[in-house]
Each structure stands twice: as C-alpha cells, then as structure tokens.
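below are the sequence and a predicted model; questions follow.
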Amino acid sequence: MSAQQASPFDSDRLAAYLRREIGGFGAGLDVSQIKGGSSNPTFILTTDAGRYVLRKKPAGKLLPSAHQVAREFRVMRALGEHTDVPVPRMRHLCTDDSVIGTMFYVMDFVEGRIFRDAQLPGLSPAARTAVYDELNAVLARLHGVDYRAIGLGDYGKPGNYFERQIARWTTQYRGAETGPIPAMERLIEELPRRIPRDDTTSIAHGDYRPENIMFHPAEARIVAILDWELSTIGHPLADLAYNCVIYHSDSPIFGTLKGVDFKASGIPSEADYVAQYCRRTGRDGIDDFDFYLAFSIFRLASIGQGVLKRALDGISDANRAGTDNRGVALQAGQALEILHRSR
C-alpha cells in the first residue's frame, strides 16, 4: 500500500468533529489515503498531536452485511480493553453519515512492519521461523479468548458456523453474479454435505494472513492485528485454514508459499504449521482439513465476485478487480479440487 494525498471528503469538517469527540486530537489535520489492500477506504490522519487511522464504509450501494466498520470497531475495542491480543487503540466510532458521507471509526496509528510477501524476502531463515511461529501463537491466543467474558457474546451466532457461512457466501455470490461458474455451483451443492461434526466456537478474525498483521519494527512480535471486517463468533479452524491458503495460492497479491523450500527458508510447511497450532490449542489433529481449506477458497471466490461486481458498477477500482470472472472461476476450481482430493 502507499499513501496518496488529497481527501475525498471535507477535512475541515472532519477535523472540527474529531476535536470535539477525541480529547487531545490536535490541530492542523492532514489526510492521506492508503491505497489498496482493503475494501474499506483507509486514511492516515496527521495532526500536531500525532497520527491516527480512519476507516470508513465505501460510498455507493453495498452488498448486504459487507463493510461493517462498526463491527470492526467493536471487536478491536473489546480485545484491546480486556485481553492481550494485539490490536490498535480504538478512539471513536461515528455513525453520523453527514460528517464525511459514510460511517467511520478512528484508531491510533501503530508503527511497525507488514510483510506483504508471505515468503519474507530479506529475512534470515531464523527470522522467518520466528515470524511464522508468532503468527501461529497469536492466532491460537485469539482463539483462546472467552468472548462472552469480554462482552462479545452477541457478536455472532454460536454453533452451526459453516452451515450459516456457506449460506451467507452463496447469497453474496448470487447477489454479485456476472456469468456462470460451474465449479461454484458444485461447491454450493457439495460443501454443506461435507461439514465436519466439530462445532467449536471462538472469535474468528476472518482474514488472518501476513498482510493483515503488523509486526514490531525490529522484533518478531505482533503489535497489531488489522482488518477485522470479516470477524465474527465462528469456528477457529476456519481461521487456521484461511491462514493456510497461502500454501495453495498462486497469487502474489494475496500471498503465496508455492515453490518454497521450507527446510532452507525457515518457513514451516503446512503440516508443521497446523501441527504447531494443534499443540498450542490442545487438539489431537484435525479431521478433514481439506473441507476447511475448500471452504476458505470458496469464500475468497465469493468475495472476489463481489469486488468484481462493484468494479463493473463503477464503485471500486476496476484495475485491481479486473473486468471478468476468470479469477473467481480459477479459485472455485481449486477449491473443488481440494474438496475432492481426499474423497
């Protein structure tokens, strides 16, 4: 991502509002947009008192249940106030669309490193091992949080997570269809029949991968988990499998570990990464991990179809989304192949 000057809203109006709502916000507001990487437009706010980050809903007609910035704010505030899960400090949620045109929230700016290339070029093998061990440990820590005790008992519906999620992403896909994709139809038919019996419940981040994790500037220590747009009360293995999609992805934009020499690089293999997580969470292995992987890629395909539809409708960046659904079809085909490989 890169920062781009110029604000799409009235920065003077925003500054006046935030000075009323956030103590010590500061004066001389400068706004720069962070380009790329998120479906919720994100901006750096700089004042003489420090830096903040603003995330807002995009303009235009939105798909149902998408771009829920209020949920992001709520889960990060609860985690920041009651747990040791690393998140930025939440400052303010604005539900008044008249301020900048859509709902938004403001949080503290966190200094650190984001590894946009999952292969971690430039790091030593030992440093790569430490980074992936920390990714694994913090994910396990998140899944160990008692969400009811921190006020998130109603943040999602506990139980039947995959049944509800498959239905949700099917609906999202149907609402954004631009052409037939046979593999998506097969997944929509077959995934519900493969749902495992394991019905464990935890906070699920929904987009846990290196690009959404900020590390300390010099240490292999996570200082902030970002982009909680897809979070809910869900199934921990959905997060784990999604985190492992980088072992199967062909996309350097999403992140890929294909072709990596795991022994030489210091990056754990998928089997080792899953085993580490199981040790940390007290699991004796995972039955039908292929289902969890296939579901994760199916969900990505549905999200991708929504991004494509918004681009075609002129709401988002068409250069990033493309102009046809070939990428969605490729993801759906890969998900179906994974679902079938062990059955």
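Noted; the coordinates are in hand. Residues are numbered from 1 along each chain as shown.

can you tell me the helix or strand for residue 71?
Using DSSP states H and E, residue 71 maps to helix 69-82.

average model confidence for that helix?
The average pLDDT for helix 69-82 rounds to 97.

same check on stretch 89-109?
Mean predicted confidence for stretch 89-109 is 96.

other residues contacting it?
Residues from elsewhere that reach stretch 89-109 (C-beta atoms under 8 Å, 6 or more residues apart in numbering): 9-10, 13-14, 17-18, 21-22, 44-45, 50-59, 69-70, 72-74, 76-77, 80, 88. The way it works is simple: take the backbone N, C-alpha and C, and place the C-beta from them, glycine included.

ok, now with 6 Å
The contact list for stretch 89-109 (C-beta atoms under 6 Å, 6 or more residues apart in numbering) reads 9, 14, 17, 21-22, 51-57, 69, 73, 76-77, 80, 88.

mind checking which of those are in helices?
Using DSSP state H, the members of the contacts of stretch 89-109 that fall in helices are 14, 17, 21, 69, 73, 76-77, 80.

just to revisit the earlier point, and the helix holding residue 71, what's buried?
Neighbour counts over helix 69-82 (16 or more other C-beta atoms under 10 Å) mark 69, 71-80 as buried.

partners of the helix or strand just after that helix in the sheet?
Per DSSP H and E, the first helix or strand lying C-terminal to helix 69-82 is strand 90-94. Strand pairing for strand 90-94, using DSSP bridges, gives strand 104-108 (antiparallel).

who does the helix or strand following the partner strand pair up with?
Once the chain leaves strand 104-108, the next helix or strand it forms, by DSSP H and E, is strand 113-114. Within its sheet, and counting by DSSP bridges, strand 113-114 is paired with strand 213-215 (antiparallel).

and the next element down the chain from the partner strand?
strand 222-225.

now do that following strand: distance to the chain's middle.
Strand 222-225 has its C-alpha centroid displaced from the chain centroid by 13 Å (C-alpha atoms, centre = their mean, to the nearest Å).

with stretch 26-37 instead?
Stretch 26-37 sits 21 Å away from the centroid of its parent chain (C-alpha atoms, centre = their mean).

buried residues, that stretch. List them.
Within stretch 26-37, judged by 16+ other C-beta under 10 Å, the buried ones are 26, 29, 31, 33-34, 37.

same check, this time on stretch 139-146
Residues of stretch 139-146 classed as buried: 139-143, 145 (neighbour count, 16+ other C-beta under 10 Å).

in helices only, show me the residues you listed.
Short answer: the buried residues of stretch 139-146 in helices (DSSP H) are 139-143.

let's have those in CSV, adding distance to residue 115 and pLDDT.
Formatted as CSV, these follow (distance: C-beta to C-beta, whole Å; pLDDT from 0 to 100):
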residue, distance to residue 115, pLDDT
139, 15, 98
140, 19, 98
141, 19, 98
142, 18, 98
143, 22, 98
